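Participant: Here is the input, now give the coordinates:
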Amino acid sequence: MSRSASSGEKKLYAAPVAWGSELATDLADWKAGKIDWADVDRGVLLSGPRGTGKTTFAGALARTCKAHLVLGSLGRWQARGHLGDMLKAMRAAFDEANNNAPSILFLDEIDAVGDREKFSGHNAQYSTEVVAALLECINGAEGREGVVVVGACNHPSRLDAAIVRAGRLDRHVRISLPDLKGREGILRWHLQGLLVGADLSSVVRRTEGWSGAALEQLVRQGRRRARRERRSLLLEIAAELPALVSLPEKMRRRFAVHEARACGGLSCHRRGRDRPRVDHRDVRRLRRTGAGRRRSCFSEPGLRERTPSQFLDRIAMVLGGLAAEEVLLGAKSAGGGGTRGSDCTTQRCPR
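Facilitator: Okay, the predicted model is just below:
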């Protein structure tokens with residue numbers, strides 16, 4: 001927030017930056033006596049995949065708000081020793097934030113605290129005491145003016161419901177992985193003016209699902225290799241990507257049969273009704289590091305009611321692909337339809 005950001009980062013951090021700007025304004029007004037502390041957001045949950053810059057954002061937020069930054073996490077507190085030492089370290093972090101108000105208390109990996117509804121076994125009592133102590137500290141921070149608690153996690157669904165209830169971390173801001181344009185913007189920002197005008201499309205397409213941190217590492221490693229090998233930077237960046245393996249012709253045929261018939265099944269079932277736009281993804285190659293994707297993505301405009309007809313459309317699409325494999329190739333592929341296909345669809349169908 002306090003440094004120049006790439007166009008990709010600006011889009012990626014649009015929601016967090018908007019909230020951070022609001023908080024900075026509110027803190028300035030509070031310090032000037034224009035508003036009461038009750039009018040300031042005192043708790044927020046920041047969630048997103050690993051490597052999306054949640055910790056970096058916390059530092060930028062503190063600088064923008066001109067607030068003292070206190071870093072805390074369950075792992076950091078547990079390193080102090082047994083339960084008593086850990087709780088003492090937890091309370092010390094909240095005390096530091098209170099003594100240096102206005103302050104941002106950043107609780108990293110807060111989902112590691114867990115959910116009391118899911119605790120079991122001999123560690124249940126220990127974990128329950130940790131959650132109770134954290135809730136007590138957050139409640140205390142609410143009554144201490146000038147302390148804003150920011151919790152960060154990868155899995156917000158794993159949090160205890162009491163942590164995110166109204167009055168605690170009741171505002172949820174999400175940071176997602178960058179899309180295609182976002183990835184190109186982040187790459188160009190980290191290239192720092194190099195490869196201006198160069199076509200990065202091949203690199204961008206092959207980094208689907210990568211975080212900003214992973215893209216930064218890719219550029220850094222590519223620059224290092226280019227310096228050492230005295231070769232093209234773009235070639236060395238491409239060389240750092242996971243290797244691609246060409247799909248065997250038989251596998252490509254199976255994918256084509258499945259996806260083509262899935263589209264046909266849906267189109268035939270609709271019989272003249274509005275048909276969705278179909279985006280056929282490129283399946284010519286697989287990443288060596290994992291399974292490739294083979295799918296057709298259906299998008300339909302606007303909100304749609306969950307009706308029997310809608311579920312029948314989905315079933316026709318999934319079963320059409322499976323049936324085509326059986327008829328044309330003699331057997332369906334393992335996982336054809338999968339948990340996201342026929343199993344999931346039939347379980348959700350209205351009775």
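
Participant: Domains of the protein: list them as residue ranges, please.
Facilitator: Annotated domains of the chain cover 7-174, 180-241, 249-348 [automatic domain parsing].

Participant: Make CSV out of those and add mean pLDDT.
Facilitator: Formatted as CSV, the domains of the chain follow (pLDDT from 0 to 100):
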stretch, mean pLDDT
domain 7-174, 89
domain 180-241, 90
domain 249-348, 61
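
Participant: Redo those domains as JSON lines? Include mean neighbour count.
Facilitator: For glycine as for every other residue, the C-beta is placed from the backbone atoms N, C-alpha and C. Shown next, in JSON lines, are the domains of the chain (neighbours: other CB atoms under 10 Å):
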{"stretch": "domain 7-174", "mean neighbour count": "17"}
{"stretch": "domain 180-241", "mean neighbour count": "16"}
{"stretch": "domain 249-348", "mean neighbour count": "14"}
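
Participant: what are the ranges of the strands in the stretch 201-350 of the chain?
Facilitator: 244-246, 277-280, 285-287, 296-299 (DSSP state E, counting those that start in this stretch).

Participant: which residues touch residue 199?
Facilitator: If you count contacts by CB atoms under 8 Å, 6 or more residues apart in numbering, residue 199 has none.

Participant: Checking it next. Helix, strand or coil?
Facilitator: What DSSP: H, G, I helix; E, B strand; the rest coil gives for residue 199 is coil.

Participant: Now it. Its backbone dihedrals?
Facilitator: phi -80, psi 110 (degrees, to the nearest 10).

Participant: Give me the distance between the two termini of stretch 171-188.
Facilitator: 32 Å (CA to CA, to the nearest Å).

Participant: Please enumerate residues in contact with the helix or strand hosting residue 138?
Facilitator: Assigned by DSSP states H and E, residue 138 falls within helix 124-142. Contacts with helix 124-142, where a contact means CB under 8 Å, 6+ apart, come from 42-43, 74, 83, 86-87, 90-91, 94, 97-98, 105, 113-114, 116, 119, 147, 149, 160, 162-163, 167-169.

Participant: mind saving the C-alpha coords of that helix as CSV?
Facilitator: Taking C-alpha atoms only, helix 124-142 is exported to CSV below (Å, rounded to 0.1, in the frame of the first residue of the first chain):
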residue,chain,number,x,y,z
ALA,A,124,-9.0,-31.3,23.5
GLN,A,125,-8.7,-29.6,26.9
TYR,A,126,-5.4,-27.9,25.9
SER,A,127,-6.8,-26.6,22.6
THR,A,128,-10.0,-25.4,24.3
GLU,A,129,-8.0,-23.3,26.8
VAL,A,130,-6.1,-21.8,23.9
VAL,A,131,-9.2,-20.7,22.1
ALA,A,132,-10.8,-19.4,25.3
ALA,A,133,-7.7,-17.3,26.1
LEU,A,134,-7.6,-15.9,22.6
LEU,A,135,-11.3,-14.9,22.9
GLU,A,136,-10.6,-13.3,26.2
CYS,A,137,-7.7,-11.3,24.8
ILE,A,138,-9.7,-10.2,21.7
ASN,A,139,-12.5,-9.1,24.1
GLY,A,140,-10.0,-7.1,26.1
ALA,A,141,-8.7,-5.5,22.9
GLU,A,142,-12.2,-4.3,22.1
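
Participant: how far is the next helix or strand after it from where the chain is centred?
Facilitator: Per DSSP H and E, the first helix or strand lying C-terminal to helix 124-142 is strand 147-153. Its chain's C-alpha centre and that of strand 147-153 lie 17 Å apart, by CA atoms, centre = their mean, to the nearest Å.

Participant: between strand 147-153 and helix 124-142, how big is the angle?
Facilitator: 140 degrees (axes from the mean of the first three to the mean of the last three CA atoms, to 10 degrees).

Participant: Next, count neighbours for residue 176.
Facilitator: 14 (other CB atoms under 10 Å).

Participant: And it, how close does it get to residue 209?
Facilitator: Per CB to CB, to the nearest Å, residue 176 is found 11 Å from residue 209.

Participant: Ok, residue 119 next?
Facilitator: In terms of CB to CB, residue 119 sits 32 Å off from residue 209.

Participant: Spatially, what comes nearest to residue 325 if we skip its sequence neighbours?
Facilitator: With CB to CB, 6 or more residues apart in numbering as the criterion, residue 325 has its nearest non-adjacent residue at 4.3 Å, and that residue is residue 332.

Participant: which ones are touching that neighbour?
Facilitator: Residue 332 makes contacts with 322, 325-326, as judged by CB under 8 Å, 6+ apart.

Participant: Hmm, residue 163 and residue 170 touching each other?
Facilitator: No - in this structure residue 170 lies outside contact range of residue 163 using CB atoms under 8 Å: 9.6 Å.

Participant: What sits closest to residue 20 if chain neighbours are left out?
Facilitator: The shortest distance from residue 20 to any non-neighbouring residue, by CB to CB, 6+ apart, is to residue 61 (4.8 Å).

Participant: An error on my part: the question was meant for residue 55.
Facilitator: residue 108 (6.1 Å).

Participant: do residue 214 as well
Facilitator: residue 51 (5.6 Å).
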